[in-house]
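*Asks:* What would the 3D arrangement of this be:
(4 chains)
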4 protein chains.
Amino acid sequence: MSNAGDGTIGVGMVGHAFMGRVHSQAWRTVHHFFDVPQAPRLAVLGGRDLDRTKAAAAKLGWDSVETDWRALIARDDVQIVDICTPGDSHKDIALAALAAGKHVLCEKPLANSVEEAEEMAEAAAAASAKGQRSMVAFNYRRVPAIAVARQMVAEGRLGKIRHVRAQYLQDWLSDANTPMAWRLRKEEAGSGSLGDIGAHIIDATQFILGEHLTGVSALTETFVHKRPIAGDPDGRLDDVTVDDAALFIGKFTSGAMASYEATRFALGRKNSMRLEVNGEKGSLAFDFESMNELSYFDGEDADETAGFRRVLITEATHPYVGAWWPPGHIIGYEHTFTHEVFDFLTAIQNGTDPAPSFADGLQVQKVLGAVEASAGNDSRWTPVS
Amino acid sequence: MSNAGDGTIGVGMVGHAFMGRVHSQAWRTVHHFFDVPQAPRLAVLGGRDLDRTKAAAAKLGWDSVETDWRALIARDDVQIVDICTPGDSHKDIALAALAAGKHVLCEKPLANSVEEAEEMAEAAAAASAKGQRSMVAFNYRRVPAIAVARQMVAEGRLGKIRHVRAQYLQDWLSDANTPMAWRLRKEEAGSGSLGDIGAHIIDATQFILGEHLTGVSALTETFVHKRPIAGDPDGRLDDVTVDDAALFIGKFTSGAMASYEATRFALGRKNSMRLEVNGEKGSLAFDFESMNELSYFDGEDADETAGFRRVLITEATHPYVGAWWPPGHIIGYEHTFTHEVFDFLTAIQNGTDPAPSFADGLQVQKVLGAVEASAGNDSRWTPVS
Amino acid sequence: MSNAGDGTIGVGMVGHAFMGRVHSQAWRTVHHFFDVPQAPRLAVLGGRDLDRTKAAAAKLGWDSVETDWRALIARDDVQIVDICTPGDSHKDIALAALAAGKHVLCEKPLANSVEEAEEMAEAAAAASAKGQRSMVAFNYRRVPAIAVARQMVAEGRLGKIRHVRAQYLQDWLSDANTPMAWRLRKEEAGSGSLGDIGAHIIDATQFILGEHLTGVSALTETFVHKRPIAGDPDGRLDDVTVDDAALFIGKFTSGAMASYEATRFALGRKNSMRLEVNGEKGSLAFDFESMNELSYFDGEDADETAGFRRVLITEATHPYVGAWWPPGHIIGYEHTFTHEVFDFLTAIQNGTDPAPSFADGLQVQKVLGAVEASAGNDSRWTPVS
Amino acid sequence: MSNAGDGTIGVGMVGHAFMGRVHSQAWRTVHHFFDVPQAPRLAVLGGRDLDRTKAAAAKLGWDSVETDWRALIARDDVQIVDICTPGDSHKDIALAALAAGKHVLCEKPLANSVEEAEEMAEAAAAASAKGQRSMVAFNYRRVPAIAVARQMVAEGRLGKIRHVRAQYLQDWLSDANTPMAWRLRKEEAGSGSLGDIGAHIIDATQFILGEHLTGVSALTETFVHKRPIAGDPDGRLDDVTVDDAALFIGKFTSGAMASYEATRFALGRKNSMRLEVNGEKGSLAFDFESMNELSYFDGEDADETAGFRRVLITEATHPYVGAWWPPGHIIGYEHTFTHEVFDFLTAIQNGTDPAPSFADGLQVQKVLGAVEASAGNDSRWTPVS
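*Replies:* Take a look at the predicted model:
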């Protein structure tokens, strides 16, 4: 694959809604803070509507637009294809991009079904042999506090893990009058809170522990079955065809017991991705609403002065943090994406496969599948296979 | 039933370990802060070992001792029998006390099996008709913050409830070298973390919602199967025959989804009984480690200034609180028992059945039973019947 | 001094309002949890109004009453005189009790002026030589978390102290319609927020550091100059003659810089006594509203995992705590008084002078005096001499 | 003043250390999130050393460099001069830039003395008449939570303000071996913690209240008088000639009482800028380490459910926030600068004077001057005049 001779690497991004906006900021920003071999060049933005895509490109800083993602993939000035569309188009775009010899960054969840994800993971593995890199955008792995958590577990500082608690709580659907959206249609989104936010806590906990869930027992529920169509003059309603909430309990390879909850009906919790891990030697707790903090209990502290520490993850020695500001000067949501594209660009340069790979994305998809299967089968224990 | 003519009511308490100590403080204290028709008289303390029971009675303020609980029940100066023994003796003592015409306060969980609990609930119902009062000592209902939570739900301030999260996290067994104890033997304790602390969060959440769990899907686990026998010169080990941790998900009558976790292996969490309820109109959160606080999100606050409120439950208008200190002058664990005996004495005076009744205790026992059944049956959904 | 032959020691307490209620609970409770040589006997309660004092004695558990505190002091069955009256009567009662050979526990602040306090300290010193013990009831020294803080500083775990921040924030006077009370009259209370709550943070910080303030620069203010007379049918107002708020900055012997604020107008802060200490090697923070917690930053922790620890001061090895409940089962406001009388009874038994002594109370009074002097003299630096 | 015909406005920035890095990010980013009439063009970066400035320009995205700030000011492609140098050069650069007809954004504190600041404010006022805009970079006014606080006070939601508490606590100088830096030399920095971080809390509190401090009583201290010269092979020390900590108490025009503390020796506090305001009707609290949160106590809530609310300032209706991410997806330190340049660009477009003006900067300088004067005069009350 040839890159532009000017020391940059061309990016073509499909989609310019929420994810497109934040990915754009990452591509624009990464080389100003991190050492990357080739600065990204925001070559082309893909979108279905020409006028809206042009307006988005102007605002977000993209050089040109395409309304057909196949044309975007075909362009010579595109070396990286960044997929920011709803889940129903991930597979087609990713397979085409890989076939065209491009590197691929794909939003999560990887696909809308295990079958799609399997096809994508196979294609990514084949492309890897040809030097193409693929990555799933589980951006929360790049929250510095979560990266620290993963390091601490890997170093054995928590000892054997016994408990995991993971909750991803939002409330934007709590009001039954909140209008219909693509995230509430199964054919586009694949699932509801499960794939949208549940996928994040599945990936994050498996990442932190460095192991996999082996089985689950689950409940899912839809609280509001019909919602208003936004702007519909006749006030018609549309069917919600996904879960509003998903709860499950499970076990990790090592025997650690885990509970999960994903909901967009937890009134008052705006983006509360809460993780807690208890090991034989230490415990950790995290809440994304305070993403610059990690709570850490060191079991080896003397009882008299032991307690959960509020560690500000803003030291230069913390992962990613040295690139930013002095201690106590916090970073935000978008920075996780900047870290993500930094790691992706670095992997491309180094010729190594970045993580989470499409295979990792497939494994998360299998957990999502097991949750749905258990919920549909009397909550029976369902292996993740 | 005749009371002493001196305006007091005689109490006979069986057991003088942890629960006996805190019940004693409640019986000694209640009339100094609350208006009760008859001050309790600490008539007799029951224990198996005469010397140790005498020493305990002297320290705890009891007038006399009995080493046979049947003798204690038989005494004329005892109108109330307070059962603070391990679960395996609850049924026999309670049935005998009821048969002898006494009022009965019984520690939780009510019994070691659904069958025992059923027998006790029947006896209590029969005795009620004769004017005898029975109550299970789920003291956490008498945490003022939990009483406020119950009021708020009952008044409809949270609207329809969608989510319940309940965790009771301790860590005193996290160290595999912590010695064996009666709470770890099935024949005495009935179950492990499930009955010991899980029972509390089952009762508390059902109390707050004013409704019951209809079914559960569960996992239980024993992490440490053998523990040292305290003081054994040969360093022998004994078998742990109960669960170390219990996790389950369930549903309430109204459709609210719930998750529960009870463990004594959550390193760093000392007595963290955490409850969270999300309704259509408001949310509540509570942690016993900060028992004088209730977090409240009012969904009707303007978005710009809405947020979880840290409400100090120390106002004179809060349940029980007016009897104590000015705002911000907090109370502690033992006060919940003082509130409990206040409510019990008041019910005796009023001739009304106090809550939680033995029937309520039986219902919790059924949930415990369903959890164990599900955990033993591939986590399958198990109705609470 | 002779005690009753029954192994108890007789207490006569003057005053039965807020302080009298909480002292009563301490006297009733101490021997049930702590090993004291002689259990206190609640011999006699003193109050001006016979009926109200009789009612209080019945409720609070006192054996008899006196309406003249001189008669109370004169009784043979009184070995300890406990002074729970407003500040304007402390000196007379204390001097008389000491002259009568009694031990004296006196509420804080010790007196309404430096001159009074000097007289009292002299009398206490003279009585000490005769075996009589005197103590000022700065109960916050007996908050276990504050006792731990003192230990940690004394052990050098914080290194040289550089900063002290102390605030005592309440809000019960924030509403200008809150009625007049004795605490708002200079002739009874001596001063306002300064002596009432400012005295506590002066004593607590000097206790924790183990050293004294050397000088201060101060501002005081009265926000509401007239308040309604409670129950006055004509709605008349009375003059507030004390400070509503007092702010000052100062230095400790060692050079540590300190700031203090005492106010009853901090809307939303109910009893927020907040202390913070920064040393070369560690820092501590405390808020009475969460009195079972101490925040501790250990400067020797590795930067990556350093952070303020929320230490639950509920371990059996923490001061006073072993007498109560298991870890995480918190205690409350009244317990600090139980600890106080335990220490007082122990000192009586051991024949040692308890702390804080009347001399300590005098030193606090000198700080209060310096604050008032500075505030009245253009905030000029005023030595504490 | 002519702008480039391409719809951009040219910026020349002097200085490329910490402040230069964060200002660069703001200039690069603002137009991608906010609607600005003219996107900033990063025309030229000024620095003393050619190689280092070239390297910084390449990294930070500036088109060209100048090693003489006079040359930078003289360039036709520069309409805005952004001053990110130490305080000792602010006056000269600002006066020259204003004389050359440029808009000026100047880092805080405005100058190293009241005299310098007066000269600058006069020049800015004169330039304003010619259509040139000047602003001091008190970026914390652009923390959304602080902007909300200001709105709430302005709307009367807190009622009359009685108390202000402001602390800016860092710990990077707590270690006596931390090497010497320009911020520790009076001739460059003007003052120490006082001007560096104290200036921020003075400006922020005056901004929130919408009024000024009328006088102060102060203490300053230098804890470590000599520090190692970084990289000096002979291990020589250099003299610290500024304050390490500054404490003062003061009053606002309205009579509100205030206390301030600025220190870089508060071990464990990394960037804890803490503000608290108590009014007759409400209270607010803020800590920059959790900059996306504002604590709010509404005095009109019913006592039973009143409490400090943790308001996440991440709603689209909060100031600046609508430009960023959904609720609960937090922003960081650098965003405050993006907001700042947005407001500055908007003011330039609208032909209105932005705030804080140089006159506002002068007023803060007068407070700094009064603090130093009081500290040097026995802490005597010193009017801010």
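*Asks:* drop to CA atoms for contacts and neighbour counts, all remaining ones
*Replies:* OK.
*Asks:* If you rank every helix and strand of chain A by mean pLDDT, what lands last?
*Replies:* Lowest by mean pLDDT, DSSP states H and E among the helices and strands of chain A is helix A:186-189, with a mean of 92.
*Asks:* residue ranges of the strands in the stretch 101-250 of chain A, please?
*Replies:* Secondary structure of the stretch 101-250 of chain A (DSSP state E, counting those that start in this stretch): strands located at A:103-106, A:134-136, A:161-169, A:213-221, A:226-228, A:237-239, A:245-252.
*Asks:* for the record, mean pLDDT for the fifth one?
*Replies:* Looking at strand A:226-228 alone, the average pLDDT works out to 97.
*Asks:* For it, enumerate the helices and strands it packs against.
*Replies:* Applying 3 or more CA pairs under 8 Å, 6 or more residues apart in numbering or on different chains; DSSP states H and E, we find strand A:226-228 packed against strand A:237-239.
*Asks:* Return the set of buried residues in the strand it packs on.
*Replies:* For strand A:237-239, burial by neighbour count (16 or more other CA atoms under 10 Å in any protein chain shown) applies to A:Leu237, A:Asp238.
*Asks:* Which neighbouring elements make contact with the least confident helix or strand of chain A?
*Replies:* The contact analysis (3+ CA pairs under 8 Å, 6+ apart) places helix A:186-189 against no helix or strand.
*Asks:* mind checking which of the strands of the stretch 101-250 of chain A is nearest C:Glu289?
*Replies:* Closest to C:Glu289 of the strands of the stretch 101-250 of chain A, according to CA to CA: strand A:161-169, at 28.4 Å.
*Asks:* name the helices or strands packed onto that closest one?
*Replies:* Looks like strand A:161-169 contacts helix A:199-209, strand A:257-263, strand A:272-279 (3+ CA pairs under 8 Å, 6+ apart).
*Asks:* Quick check: which of those is buried the most?
*Replies:* Most buried of those by mean neighbour count (mean count of other CA atoms under 10 Å in any protein chain shown) is strand A:257-263; its value is a mean of 26.
*Asks:* Can you work out which other helices and strands pack against the lengthiest helix in chain A?
*Replies:* When chain A is parsed with DSSP state H, its longest helix is helix A:358-375. Helices and strands touching helix A:358-375, by 3+ CA pairs under 8 Å, 6+ apart, are helix A:114-129, strand A:134-136, helix A:199-209, strand A:213-221, strand A:382-383.
*Asks:* can you tell which of these is closest to D:Asp82?
*Replies:* strand A:134-136 (39.9 Å).
*Asks:* Now do the closest one: which elements does it pack against?
*Replies:* Using 3+ CA pairs under 8 Å, 6+ apart as the contact test, the elements touching strand A:134-136 are strand A:103-106, helix A:358-375.
*Asks:* Most tightly packed of those?
*Replies:* Per residue and on average, the most neighbours among the helices and strands packed on strand A:134-136 fall to strand A:103-106, with a mean of 26 (mean count of other CA under 10 Å).
*Asks:* okay, now A:Phe18: neighbour count?
*Replies:* 13 (other CA atoms under 10 Å in any protein chain shown).
*Asks:* Likewise for A:Thr317?
*Replies:* A:Thr317: 12 surrounding residues under other CA under 10 Å.
*Asks:* same check, this time on A:Asp51
*Replies:* Other residues near A:Asp51 come to 12 when the count uses other CA under 10 Å.
*Asks:* for it, helix, strand, or coil?
*Replies:* For A:Asp51, the assignment made with DSSP: H, G, I helix; E, B strand; the rest coil gives helix.
*Asks:* Relative to D:Arg165, how far out is it?
*Replies:* Taking CA to CA, to the nearest Å as the measure, A:Asp51 falls 52 Å from D:Arg165.
*Asks:* what's the answer for A:Leu184, then?
*Replies:* Per CA to CA, A:Leu184 is found 47 Å from D:Arg165.
*Asks:* Residue numbers of chain A in contact with chain C?
*Replies:* With CA under 8 Å from any CA of the partner chain as the criterion, chain A comes near chain C at residues A:296, A:303-313, A:315, A:317-318.
*Asks:* Which among these count as buried?
*Replies:* A:296, A:303, A:305-313, A:315, A:318.
*Asks:* Restrict stretch A:128-136 to CA atoms and write it as PDB.
*Replies:* Taking C-alpha atoms only, stretch A:128-136 is exported to PDB below (Å, rounded to 0.1, in the frame of the first residue of the first chain):
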ATOM      1  CA  SER A 128      -3.500  -9.000   8.200                       C
ATOM      2  CA  ALA A 129      -1.300 -11.500   6.400                       C
ATOM      3  CA  LYS A 130      -1.100  -8.900   3.600                       C
ATOM      4  CA  GLY A 131      -0.100  -6.100   6.000                       C
ATOM      5  CA  GLN A 132      -3.500  -4.600   6.500                       C
ATOM      6  CA  ARG A 133      -4.600  -3.600  10.000                       C
ATOM      7  CA  SER A 134      -8.100  -3.800  11.500                       C
ATOM      8  CA  MET A 135      -9.400  -2.600  14.800                       C
ATOM      9  CA  VAL A 136     -12.700  -2.300  16.600                       C
END
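*Asks:* Buried residues, that stretch. List them.
*Replies:* A:Ser128, A:Gly131, A:Gln132, A:Arg133, A:Ser134, A:Met135, A:Val136.
*Asks:* re earlier: of A:Leu184 and D:Arg165, give the one with the bigger neighbour count.
*Replies:* A:Leu184 (25 against 20).
*Asks:* what's near enough to touch the more buried one?
*Replies:* A:Ser191, A:Gly192, A:Val240, A:Thr241, A:Val242 (CA atoms under 8 Å, 6 or more residues apart in numbering or on different chains).
*Asks:* Next one: it from D:Gly328, what distance?
*Replies:* Distance, A:Leu184 to D:Gly328, by CA to CA: 20 Å.
*Asks:* Confirm for me that A:Ala189 is in contact with A:Trp182.
*Replies:* Yes. Using CA atoms under 8 Å, A:Ala189 is in contact with A:Trp182, at 6.6 Å.
*Asks:* For the buried residues of stretch A:128-136, give me JSON lines that also has pLDDT.
*Replies:* As requested, the buried residues of stretch A:128-136 are arranged in JSON lines below (pLDDT from 0 to 100):
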{"residue": "A:Ser128", "pLDDT": "98"}
{"residue": "A:Gly131", "pLDDT": "97"}
{"residue": "A:Gln132", "pLDDT": "98"}
{"residue": "A:Arg133", "pLDDT": "98"}
{"residue": "A:Ser134", "pLDDT": "98"}
{"residue": "A:Met135", "pLDDT": "98"}
{"residue": "A:Val136", "pLDDT": "98"}
